Each structure stands twice: as C-alpha cells, then as structure tokens.
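Engineer: just coords:
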C-alpha cells in the first residue's frame, strides 16, 4: 500500500463554564477526550502502513495547544483554523471551514474524527464534513486495519458487529473505546511546545467568505441554554409477585436497561 | 520574581496527571501495602522520559526546566509518594551530580542509561553514625592498583534495592578531614558490592530503601566524580537540587490529602448536614488550602530562580522546610477530618500521613534546613 495521508480533525473543548460564562484559557481548554482515540488510531495506521498524519482544528488561538498535544503524540503536521469571522459557527458552518481547509491540504486518504465532543455533543461535524467532501463515512469504528486499497473496519451497533471494507479516500469516526490513546512522552511534549510548529490559517488562506461561516454561515441558532432540572420520582408496582416481576422486567426493558 | 507557568507547563501537568490516573493511582494503595516496587510502571516511565527529566536531549533525557521538574514530581507524588521519591532521588541526586560534575566520558557512560530509566541511580551518603553531619562519614576509598578500594556501610539508601549506579561518599584521603571526601561511582555487580536488607519503614513503603555495603570493592580511577576531595561540594550542590524535589513531593502529598479531605467533607454527614457545613471543618480546610498554596509558590519560586540561573540555595531550603512541615500538618488534618476512617487503610489519607512524615527528615532534616536558611539570612 502506498504512503497514506491521514487527516485528524480535533477540537479544543472547555472544561468548565462558571455561571454559564465561557472564558477560554490554556487552563480550562483541553483536547476533546473523544478525539484522543481518533488521533491514536490515525497514528497507529500511519506507523503500520507509512505516510503522514495532519491534525486540523478550528477554534480560537488557545486551540493551538490541543494541536501541540497531537504533535507531541506523533502527528507530523498541524493546522489551526482561526479567524474572528469563524466565531459562533454551528456544525454546518464548522464543516464548511474544515472542508475548505482540507481542500488546501495535499489529497487525503483517510479523514478521522472523534464520535462527538465533550462540550456540545452533537456528533454532526464529522458526517457533515464527509458529505460536503463527497467521501463515504463509517461512524463509531471500533477496529481498523489496512486491506486492499483501503481498509477493513468494524463498528458495533445494537449488539451486532458490522464489518466493512472501504476504499480510500474515506472518512471515519472512532468509537471512544476502540483504542487506548498513548501517553505523551516528556521529551516529545518539550519539543512540541518548544517548537510551536503549526500553521495558522484564517479565512483568506482557505478561500472562504465570511458569510459562509461563523454566525452568518450558520443556519441554526442556540437561543438559550439552561440546566436540566431532574426530578426523582418513585413508582410503585402493584399486583401479585408474578405481575410485579413481569411489570418490572417491562419497565427495565422499555428503559433500555436490560434486553 | 516572576513565576510564569507557560502553556507547556499546563499541558505537562495534564499529561503527567493522565499517566498517574491510568498507571499509578490504581496501584498506589496495593504497592504500599505489599511494599512492592512496581517495575511494570517504572519501565513505562523510563520510556516516557521520567528518569531524565532535566537531562539534555543528546544524553537521552527530556531536556526540561526546573519548573517542569517540580510540577512532574508534585503530580507523581500526589498519586504515590513512593514512586515520586524514586523519580526525584534518581533525577536530582544521582543523575544531576553526574551531569554537573562528571567528565564528558563519565557523562556519556552513565547518564544515557539512567536517563532512559534502563538503570536506576542512588545517592549513598548516610551511614549509621553520619547523617546530618556529612563530614563525619567512615567510608573509605583508598588508592590501590591504579584504582580505588572502597569500603562503606551506607544506610537508608533510597532506591537501594534496585539501584544499578550508586554515588558513594567516601574518604579518599582520610588524613585530609572534610577535604578528603570524594564521590566514587560504584556499579551493582562489581565484586564486593552488596545490597542489604530492605528497610521496614513507616511510609514510602513501595520504595526499596535499603543499605548498600561495599567490601573491598575495587573501582577504576575513572570512577571518581569530579576530582578527589570534591565530595562535600558535590553533595551540597546535589542536595540544593534534591531538596527542591522533596519540597515538590511534599506539596503533591499535601494536595492529595487536601483533595481527599474536601471530597470526604462534602459526603460525610453528621448532625444532619455534610460536615463541610460545620465551621470547625471549614477552618481546617481553609488552613490546609492556604498552606498548600504557599508551599507550592515557594517551590515554584525556587525552581524559577534555578531556571533563571540565579542562586536558589536559601529559597530551596525554605521551600523544603515549609513544604515538608505543611505536608505533615495537612495530612494530619486530613486524617482528623476523616475521623476514625482516616485512621483506617480503607481511605488513602493514612498513607499520605505516613508518607508525609519522612519529608521532614530526608535530604536534610527541618533542623538542618533552618541552619542553612539562617546562614543565608545572617551571612
């Protein structure tokens, strides 16, 4: 198999937002934990087949630290997509930025995403980017190995394991339990944060107009965010023992807790 | 004094914590109980650079600064004081003197395998009758057959049970008094090199602290570090660096005890409310948090001074004194907040309490540190 170019798209997420206010700092911003397995699976495939891994992230300047962590893990190149006009982008507008940036990079064989983010949790950016780039996507991949001119993949769904064979170029999102992300070596961290070697691209570099992204390019709006109030309520099951048993099984089964 | 935590330091703390959460915290109680040195974790740490933190890259290390070193030791020690001890002693009083005083040949020979964690280092100064009074050692290294014949009985050697490369303080010129003390490098496996029984200690039980005895152990002349007679100078320089590591270790243990106490105070209910609502507990938590914060700032200041190339001897002594006394006070309060459960092995605070105690003793007692500080202040 020829050398691969694998692109991992990752996000820097905020750990906490006291009183609903988000102030991004290096202390409270981390690489999305669901993206770590994505980086790991990309690095493992590169190490097996050969080639390069490029890490790409859209976000404010502090998101560069997540890219440096990916570099410390072993990524060959990193690109930060940052521009004031990208602020407030919804998932579709984010996918538009990623699409434009990926089109500026050397042609890719595989595009890798985490399944979702720890802060907004939509899981949409990966599929939207894949669709916009016109490549097939397999989500929730739990195992991947090179095969033919592409790869063989497994994903688990509803208690079944599905196996796919997919030609490159393709896109995947990685199940968080698929692999254990590697620990970062101290020397690698020192080098990555010492060199701070990542490209910074704004809208101009990726050839996208301000209207196509940020708030103006986002068809959805978050109107309000408020905490969910949970109410605990006890429900008593009536009847004889057999009825109570069957009713309990029904309840648990309908709640998806057994079955 | 500017203590500037950069993005690198923040990412570093996160990376070390991630490693500790995955590899060290789950086994910390067991290795303490079994007094077992966790080779499986130590080997992983070696591959990740933890045994050559400040060692230059060209010698196999990570090439980090002293502030990074303090953060790393703090984080490891908050998970396991014993492993923190292994790493700090190896880095600061075994590898550092080789880097600072070794000839290029000595550095090239001993440092790379130490920095990669393939070999473990130890610092052998204390003897049954010489501890705080380093000039009172009995060990000898007498010139013979073009090398030195070493006889020594070293006790309380941290990492002793697993050490491959030992820095032995011995008299090469017994008639010259303090100026006749040198550092001799002795390698495990050399005829006459004997590892004694492991000490049965109150805390730091997963570290194989042992005695090291040398009986007519013949080493080449090239195993003298620096020059003959430089022993006490090397020892004092090593301990300047070493005490900063112990101070960072004390901060890590104290932080772990504070975190446990806060968590427990929120869940333990007495008199109808979580005990965090009682003012008596709040006062304790406030004192603990304040002392830990102050200790951490003192350690980081000493590290920042070192990184800027300035003298840090008095400041590192102050940091070690304050941080170690903080660790014993804070772990004591953590046990108090836990009540009877704090005295049980069911909760980790009793381990922190035992581990903290020795930080006031090793690499210079609190009393010796007060002497160092007084000398720095009074001149």
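Structural biologist: Sure, I can see it. This is a predicted model, so every value here is computed, not measured.

Engineer: Okay, now the unreliable bits of the stretch 151-259 of chain A?
Structural biologist: Applying pLDDT under 70 to the stretch 151-259 of chain A flags residues A:259.

Engineer: Any residues of it in contact with chain B? List them.
Structural biologist: A:183-190, A:193-194 (Cβ under 8 Å from any Cβ of the partner chain). All C-beta spots, glycine's among them, are computed from the backbone N, C-alpha and C.

Engineer: Tell me the one among those nearest to residue A:38.
Structural biologist: Proximity of these to residue A:38 (Cβ to Cβ) peaks at residue A:184, which lies at 15.6 Å.

Engineer: how near is the spatially most central residue of chain A to chain B?
Structural biologist: Computing the C-alpha centroid of chain A and ranking residues by Cα atoms, centre = their mean puts residue A:114 first, at 2.8 Å. For residue A:114, the distance to chain B (Cβ to the nearest Cβ, to the nearest Å) stands at 16 Å.

Engineer: Skipping adjacent residues, who's closest to residue A:60 in space?
Structural biologist: residue A:24 (5.4 Å; Cβ to Cβ, 6 or more residues apart in numbering or on different chains).

Engineer: For the one you found, give me its contacts.
Structural biologist: A:14, A:60, A:62 (Cβ atoms under 8 Å, 6 or more residues apart in numbering or on different chains).

Engineer: Now the buried members of the residues you listed.
Structural biologist: Buried members of the contacts of residue A:24, counted by 16 or more other Cβ atoms under 10 Å in any protein chain shown: A:14, A:62.

Engineer: Number of residues surrounding residue 15?
Structural biologist: If you meant another chain, say so; for now it's chain A. 11 (other Cβ atoms under 10 Å in any protein chain shown).

Engineer: that's the wrong chain, I meant chain B
Structural biologist: Other residues close to residue B:15 by other Cβ under 10 Å number 22.

Engineer: what residues does the one helix or strand it maps to touch?
Structural biologist: Per DSSP states H and E, residue B:15 falls inside helix B:7-19. Contacts with helix B:7-19, where a contact means Cβ under 8 Å, 6+ apart, come from A:26-27, A:30, A:65, A:68-69, A:72, A:183-184, A:186, A:189-190, A:193-194, B:45, B:48, B:64, B:67-68, B:71-72, B:75-76.

Engineer: What parts of chain B come near chain A?
Structural biologist: B:6-8, B:10-12, B:14-15, B:18-19, B:22-23, B:44, B:47-50, B:53, B:57, B:61-64, B:68, B:72.

Engineer: just the strands in chain B please.
Structural biologist: B:121-124, B:140-144, B:147-157, B:165-171, B:181-187, B:193-198, B:210-220, B:269-270, B:273-274 (DSSP state E).

Engineer: For ChimeraX, what selects the buried ones among the contacts of helix B:7-19?
Structural biologist: To isolate the buried members of the contacts of helix B:7-19 in ChimeraX, using 16+ other Cβ under 10 Å:
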select /A:26,30,65,68,69,72,183,184,186,189,190,193 /B:45,48,64,67,68,71,72,75,76
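
Engineer: can you pull the buried residues of stretch B:193-210?
Structural biologist: Neighbour-count burial for stretch B:193-210 flags B:193, B:195, B:198-199, B:201, B:203-210 (criterion: 16+ other Cβ under 10 Å).

Engineer: Just flag the most distant two among those.
Structural biologist: B:193 and B:203 (27.6 Å).

Engineer: Which among the strands of chain B is found nearest to residue B:262?
Structural biologist: Comparing these under Cβ to Cβ, the one sitting nearest is strand B:273-274, at 11.1 Å.

Engineer: Off-centre distance for that closest one?
Structural biologist: 39 Å (Cα atoms, centre = their mean, to the nearest Å).

Engineer: tell me what that strand is packed against?
Structural biologist: helix B:231-267 (3 or more Cβ pairs under 8 Å, 6 or more residues apart in numbering or on different chains; DSSP states H and E).

Engineer: what's the angle from the helix it packs on to strand B:140-144?
Structural biologist: Angle between the axes of helix B:231-267 and strand B:140-144 is 140 degrees (criterion: axes from the mean of the first three to the mean of the last three Cα atoms, to 10 degrees).

Engineer: rewinding a little: whichever of the residues of chain B next to chain A end up buried, select them in PyMOL.
Structural biologist: PyMOL command restricting the residues of chain B next to chain A to the buried ones, with burial defined by 16+ other Cβ under 10 Å:
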select buried, chain B and resi 7+8+10+11+12+14+15+18+19+23+44+48+49+50+53+61+62+63+64+68+72
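
Engineer: where in chain B is pLDDT low?
Structural biologist: B:1.

Engineer: the domain parsing of it - what is it?
Structural biologist: Per automatic domain parsing, the structural domains of chain B span B:7-119, B:122-229, B:232-378.

Engineer: give me every residue that touches the closest residue to residue A:40 other than its chain neighbours.
Structural biologist: Leaving aside its sequence neighbours, residue A:40 sits nearest to residue A:181 (Cβ to Cβ, 6+ apart; 4.3 Å). Under the criterion of Cβ under 8 Å, 6+ apart, the neighbours of residue A:181 are A:36-37, A:39-40, A:73.

Engineer: a strand runs through residue A:181, doesn't it?
Structural biologist: No - counting by DSSP: H, G, I helix; E, B strand; the rest coil, one finds residue A:181 to be coil, located in no strand.

Engineer: how far away is it from residue A:70?
Structural biologist: Plainly put, residue A:181 is 10 Å away from residue A:70 if you go by Cβ to Cβ, to the nearest Å.
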